[in-house]
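# Quick one: sequence plus predicted model below, questions after.
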Amino acid sequence: MKFHYEFDFPIPALSNFGKQDPVEEFVKELRKLGGDDNFNDARKFSPKTRILAPVIVRGEEDKGVRLWNFGITIYD
């Protein structure tokens, strides 16, 4: 899943659900404008990919299934 991290808390990108994401549209506009400042802002606001995997911790089965999340580098 993709998340936006430049806010008070991580927000799932609407593109994960097949909807148009206004933040991603803003990033596209910044890239079209060009320039170093716009490029840096576009990079900052681009959603980051996180992989979510369901896990059960041995010895803590009573807590049920938990989600473990990690970045794309570990996934690769």
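Great, that's in hand.
# how about the nearest residue to residue 30, chain neighbours excluded?
residue 42 (4.0 Å; C-beta to C-beta, 6 or more residues apart in numbering). All C-beta atoms are positioned from the backbone trio N, CA, C, and that covers glycine.
# Moving along the chain from the longest helix belonging to the chain, name the first helix or strand you hit.
Ranked by number of residues, the top helix in the chain under DSSP state H is helix 22-33. Tracing the chain past helix 22-33, the next element assigned as helix or strand by DSSP states H and E is helix 36-45.
# mind exporting the longest helix of the chain as PDB, just the C-alpha atoms?
What follows is helix 22-33, C-alpha atoms only, in PDB (Å, rounded to 0.1, in the frame of the first residue of the first chain):
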ATOM      1  CA  PRO A  22      -5.500  14.900  -5.000                       C
ATOM      2  CA  VAL A  23      -2.100  14.700  -3.400                       C
ATOM      3  CA  GLU A  24      -0.700  12.600  -6.200                       C
ATOM      4  CA  GLU A  25      -2.300  15.100  -8.700                       C
ATOM      5  CA  PHE A  26      -0.500  17.900  -6.900                       C
ATOM      6  CA  VAL A  27       2.800  16.000  -7.200                       C
ATOM      7  CA  LYS A  28       2.300  15.600 -11.000                       C
ATOM      8  CA  GLU A  29       1.700  19.300 -11.400                       C
ATOM      9  CA  LEU A  30       4.900  20.100  -9.400                       C
ATOM     10  CA  ARG A  31       6.900  17.800 -11.700                       C
ATOM     11  CA  LYS A  32       5.400  19.400 -14.800                       C
ATOM     12  CA  LEU A  33       6.500  22.900 -13.500                       C
END
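# for that helix, packing partners?
Secondary-structure packing of helix 22-33 (3 or more C-beta pairs under 8 Å, 6 or more residues apart in numbering; DSSP states H and E): helix 36-45.
# any idea of the mean pLDDT in the helix or strand just after the helix it packs on?
Using DSSP H and E, the helix or strand that directly follows helix 36-45 along the chain is strand 48-55. In this model, strand 48-55 carries a mean pLDDT of 92.
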